[in-house]
Structures are given as C-alpha cells and as structure tokens.
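S.K.: Here you go, sequence then predicted model.
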Amino acid sequence: MAKIIETIQLNHTYTDGTQALKSIDLCIEEGEKIAIVGQNGSGKTTLSKHFNGLLRPTCGQVLVNGRDICNTSTGELSSFIGYVFQNPSYQLFSRSVQEEIKFGLKNIGLKGNELTKRIVETMDYFDLSKDRERQPLSFSSGVRKLIALASVYAMRPQLLILDEPTTGQDHLGKEKVGMLLQKLANAGHTYIVITHDMNFVAKFATRVIVMAKGEIIQDGSPAKLFTNTKVMQKAHLHPPQVFSLAQRLAIANDKQNDLDPPKMAKLLVTEGMVS
Ligand SMILES: Nc1ncnc2c1ncn2[C@@H]1O[C@H](COP(=O)(O)OP(=O)(O)OP(=O)(O)O)[C@@H](O)[C@H]1O
C-alpha cells in the first residue's frame, strides 16, 4: 500500500517551550483505519495538525504523499487531507448550512450539476436538508460538529482526520459518524480519529496509536491495546465495557468451567452493564 503520511524524527516545541512531540517516527498507509488515543495533553492534536500543515515541525520531517510539508502550501494539503476540528466553531463561517458545504466543494473545482448533486446528497445524508438556510453556528454543538464533518466529507478527502468526533454526540450521531467512516473506508479512503471513546475505537479502528507525554508508546490493533494493562494504565485508558466483560467471563469460565446464569448476572452487574 502507498504511504500517505510519514514522519521522521518529528519534534514540536511550542513557542512557550512546551515540548509536545518527541522524535515521532510514523508511517500511515492508504486505506488504514486509525485511532490516536492518549490522555489529555499527550500530543494527539499537535501530531495530527502536522498532517495537514496547520503546524510545521520544529525539528524532523513530515512527508505527505512523499512531499515534505515544509515545501507544500496548506491550501494544497487541504485539497486531499480533510480535517474536522475538536471545536467545530473554528471552521464554520458561512451564512447557511448549504453555503458551508458548497464552499469546500467549489474550492476543489466542482461546478454545475455535479456541485448541486453533491450538496444535496450530503445534506440528505446528514439530515440537514430541512435546515439548509439556517446559520451553522445557531445549532447545538453536536449538530455543529456534524455540519463541519459534512462539509469536509463532501469533498471525499484522501485522508480524513477527525478530532474527537463523538464528543457531544448522542447514540444516533455516533452511529452516523461511524457509518460514514465505513463508507469512506469501503471507497479506499483513509481515516484518523483522535478520541477518548474506546467503544468507538473497538468498533471503527483497526490500528491504534497510543500517545503519552509526546511519544508513541504503542502502535497496534485494538485487541493488542485492550489486553495490555500496563499501556492502558500509562495512557489512562479504560477498555470498552464489552471487552472487559468478555475478559472477566473468560477468566471466570477458565476458573470454574461453568458460568451459570446467576454468576453471569453477577458479572454483568459488576461490570456496570446492568444495574
Ligand atoms: N498553542 C499551544 N501553545 C503552547 N502549548 C500548547 C499549545 N497547544 C498545545 N500545547 C501543549 O502541548 C501539549 C500537547 O497538547 P495537545 O493538544 O496536542 O494534546 P492532546 O493529546 O490533543 O490533548 P487533548 O486530549 O486535551 O485534546 C500539552 O502540554 C498542551 O498544553
């Protein structure tokens, strides 16, 4: 598979002296479904902002499709790398939902029927058609996030980066985000989700990059992460409920070789799956 992103000894130190990234070597290939996880302040956003040129390395190199980001304009990078911010208010500026979606599409050169078709399709998918004339910033934060995602997704970027897409979303909103990622992946696109939501990771990522204090401390499958108690603790993460339940069931089954319904019920209560 072709490399989309490669970082070589990437370091980032902010002007106030905070060393946010320390010697990151990373390679992301086409079609990967990636989650970046780690406690607050571990460097997830700083790392991902290097992928679309919002930040430049203070030392080391970042290559996007083989080209050094220091020699590529942010405009050019944004034509194939879509980024949805943690706070959607930073990227919504149009006077209506329809205009918001149209803006990016016009920038990538869509016009006429193709442009109209893509806008209508996108609004329909995100259930935004009835609100097409409404101001994006007048919605709740969860819906604002979906509008930001819709306007970026509409452009079908080669790589989509989502910073905390499920924060503030109800169950339906989360499912919508997940389904959309699957749709993108089925069409051969790549995505990176920065998240604290381990249920989302379990369901929608095949590779998890774990960060702590500006470094990558593990890079592998979700199962590899959830079974590594040391790394989970170091990164202040908790496995999805269903995973820890399965683990407890396996242990209990191993010990007793008979997990009868009362024992099962007790485990479900212990795991907080039922009250
Ligand atoms: N503009 C900035 N100036 C100075 N320090 C910053 C700046 N932005 C981030 N930092 C610091 O860099 C470190 C990494 O921050 P970053 O936002 O990348 O972490 P994160 O893992 O994305 O956190 P969160 O989960 O809270 O979004 C933190 O110590 C943070 O305080």
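M.R.: Received, thanks.

S.K.: Val152: what secondary structure?
M.R.: Classification of Val152 by DSSP: H, G, I helix; E, B strand; the rest coil places it in helix.

S.K.: what about the strands in the protein?
M.R.: 3-13, 19-29, 33-37, 59-64, 67-68, 81-84, 159-163, 190-194, 207-212, 215-220 (DSSP state E).

S.K.: Of those strands, give the one that comes closest to Ala235.
M.R.: Comparison of the strands of the chain against Ala235 by C-beta to C-beta identifies strand 207-212 as nearest, at 5.0 Å. Any C-beta I mention is one placed from the backbone N, CA and C, and that applies to glycine too.

S.K.: Pipe the strands of the chain into JSON lines and attach distance to Asp170 and mean neighbour count per row.
M.R.: Below are those laid out as JSON lines (distance: least, C-beta to C-beta, whole Å; neighbours: other C-beta atoms under 10 Å):
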{"stretch": "strand 3-13", "distance to Asp170": "32", "mean neighbour count": "19"}
{"stretch": "strand 19-29", "distance to Asp170": "30", "mean neighbour count": "17"}
{"stretch": "strand 33-37", "distance to Asp170": "21", "mean neighbour count": "24"}
{"stretch": "strand 59-64", "distance to Asp170": "34", "mean neighbour count": "18"}
{"stretch": "strand 67-68", "distance to Asp170": "40", "mean neighbour count": "12"}
{"stretch": "strand 81-84", "distance to Asp170": "18", "mean neighbour count": "24"}
{"stretch": "strand 159-163", "distance to Asp170": "17", "mean neighbour count": "24"}
{"stretch": "strand 190-194", "distance to Asp170": "18", "mean neighbour count": "24"}
{"stretch": "strand 207-212", "distance to Asp170": "24", "mean neighbour count": "23"}
{"stretch": "strand 215-220", "distance to Asp170": "31", "mean neighbour count": "17"}
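
S.K.: Of those, which is nearest the ligand?
M.R.: Ranking the strands of the chain by proximity to the ligand (C-beta to the nearest ligand atom) places strand 19-29 first, at 3.5 Å.

S.K.: Strand partners (parallel or antiparallel) of that closest one?
M.R.: Note on strand 19-29: by DSSP bridges, its sheet partners are strand 3-13 (antiparallel).

S.K.: do the strand it pairs with and the ligand meet?
M.R.: No: with C-beta under 6 Å from any ligand atom as the criterion, the ligand is not reached by strand 3-13; the gap is at least 8.1 Å.

S.K.: can you give me the helices for the stretch 151-275 of the chain?
M.R.: 171-186, 198-204, 222-226, 229-234, 241-256, 261-270 (DSSP state H, counting those that start in this stretch).

S.K.: tell me the contacts of the closest residue to His236 other than its chain neighbours?
M.R.: Leaving aside its sequence neighbours, His236 sits nearest to Gln39 (C-beta to C-beta, 6 or more residues apart in numbering; 4.1 Å). Listed by C-beta atoms under 8 Å, 6 or more residues apart in numbering, the contact set of Gln39 reads 212, 235-237.
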